[in-house]
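Undergrad: attaching a predicted model along with its sequence, questions to come.
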Number of protein chains: 2
Amino acid sequence: MVLSRTSQYAIQALIYIATQAPGEPVLNRDIAERLNVPAAYLAKILQNLCKHGLLDSFRGRLGGFCLRDGMQKSSLMLVLQLTEGPDFTKNCILGLKECSDETACPMHFKWTPVKNKIISMLNYMTLDDLAKAVLTGKYRLADLPASAMPAR
Amino acid sequence: MVLSRTSQYAIQALIYIATQAPGEPVLNRDIAERLNVPAAYLAKILQNLCKHGLLDSFRGRLGGFCLRDGMQKSSLMLVLQLTEGPDFTKNCILGLKECSDETACPMHFKWTPVKNKIISMLNYMTLDDLAKAVLTGKYRLADLPASAMPAR
DNA sequence: TATAATTCGGACAAAAAACTCTTTAAGGAG
DNA sequence: CTCCTTAAAGAGTTTTTTGTCCGAATTATA
């Protein structure tokens, strides 16, 4: 339901970076390990976020990724527009090319208000908020690794 | 956003069948043409819906597909559980294997109420309702074919 | 300057989703 | 019984998404 793996990885990684000291580059390897996602794939995703200006990257020793200045306040909507495409909220739930108040699919008027709830939620939540939530220790950013699973 | 092509085709086809005279089998070919979707692919989808008891199918002359008795009242939720898998509403938006009120991802408590809106909408809408809406002529079940596009 | 650590970029591979083709079985009508 | 029409079933193809690999470029430090 709802998000591609790429988007999920992107959001997780951005939140993780936002929990770290700002200005201190975070290693792709560390993020991947922490989130338990494939490092090489994650690297591609982070590179893409760099290109779009959300992250800064640094090569060589002491390199890594960090949030570009000000981007702690980015909404999830902004992130998803980068990973899912600029109009991922514009699509008709039944896949019609044309679906608007004037030329509506039979679900349109029921779906639109629900979609608007999703959109406001995504606009409302920022990386900062989510990072703060994680830092309280009450929330999980990734599944526990198998090694941390309780012995059955 | 939200649904696979397979699910979209399934819903469109079911609504279309529900708009036709009950008990009169509808040809796969006709549905595909009407909805402008690949016929061979649609056939697979309809076969699957048969296996799960939503449709009845008949071979040979006068053959085709029709809604199994009573299934006009099926909710979209039921349909989607067949096409997307039985717990497509259970997944964490960030993709965590474990995400519940006790072990929550940082989006969990914001996402859950929105997800519940989606779920009630899907439970609420039935094939019958949607078919009736289409029959008013105010809604479109498929994009206009290129041939029906206004000359530029 | 040499070295080690890191991202970058491109090509490649595997898996999943979307879609096609071909053959078979079944049913209705002449 | 035969012919035509239809869905069923299975294998195969294409496209997209996800994931891997490797060599090159960049940077800090010794």
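TA: Thanks, I have it.
Undergrad: what is the rounded mean pLDDT of the top helix by length along chain A?
TA: In chain A, with assignment by DSSP state H, the single longest helix is helix A:108-124. Averaging pLDDT along helix A:108-124 yields 97.
Undergrad: for A:A146, give me the pLDDT.
TA: Looking at A:A146, its pLDDT stands at 57.
Undergrad: before we move on, what about A:D87?
TA: pLDDT, A:D87: 88.
Undergrad: count the neighbours of it for me.
TA: By other C-beta atoms under 10 Å in any protein chain shown, 9 other residues sit near A:D87. In this view, the C-beta of every residue, glycine as well, is placed from N, C-alpha and C.
Undergrad: now the one 10 residues further on
TA: Counted with other C-beta under 10 Å, the burial measure for A:K97 works out to 10 neighbours.
Undergrad: and it, what does it touch?
TA: By C-beta atoms under 8 Å, 6 or more residues apart in numbering or on different chains, the contact set of A:K97 is B:D143.
Undergrad: again, only this time at 10 Å
TA: If a contact means C-beta atoms under 10 Å, 6 or more residues apart in numbering or on different chains, then A:K97 has A:91, A:103, B:142-144 as its contacts.
Undergrad: A:L141 too?
TA: Neighbouring residues of A:L141 by C-beta under 10 Å, 6+ apart: A:11-13, A:15-16, A:19, A:34-36, A:130-131, A:133-134, B:94, B:96, B:105-106.
Undergrad: before we move on, what about A:V79?
TA: Contact partners of A:V79, counting by C-beta under 10 Å, 6+ apart, are A:7, A:10-11, A:13-15, A:49, A:52, A:54, A:71, A:122, A:125-127.
Undergrad: mark which of those residues are buried, thanks.
TA: For the contacts of A:V79, a burial check counting by 16 or more other C-beta atoms under 10 Å in any protein chain shown picks out A:7, A:10-11, A:13-15, A:49, A:54, A:71, A:122, A:125-127.
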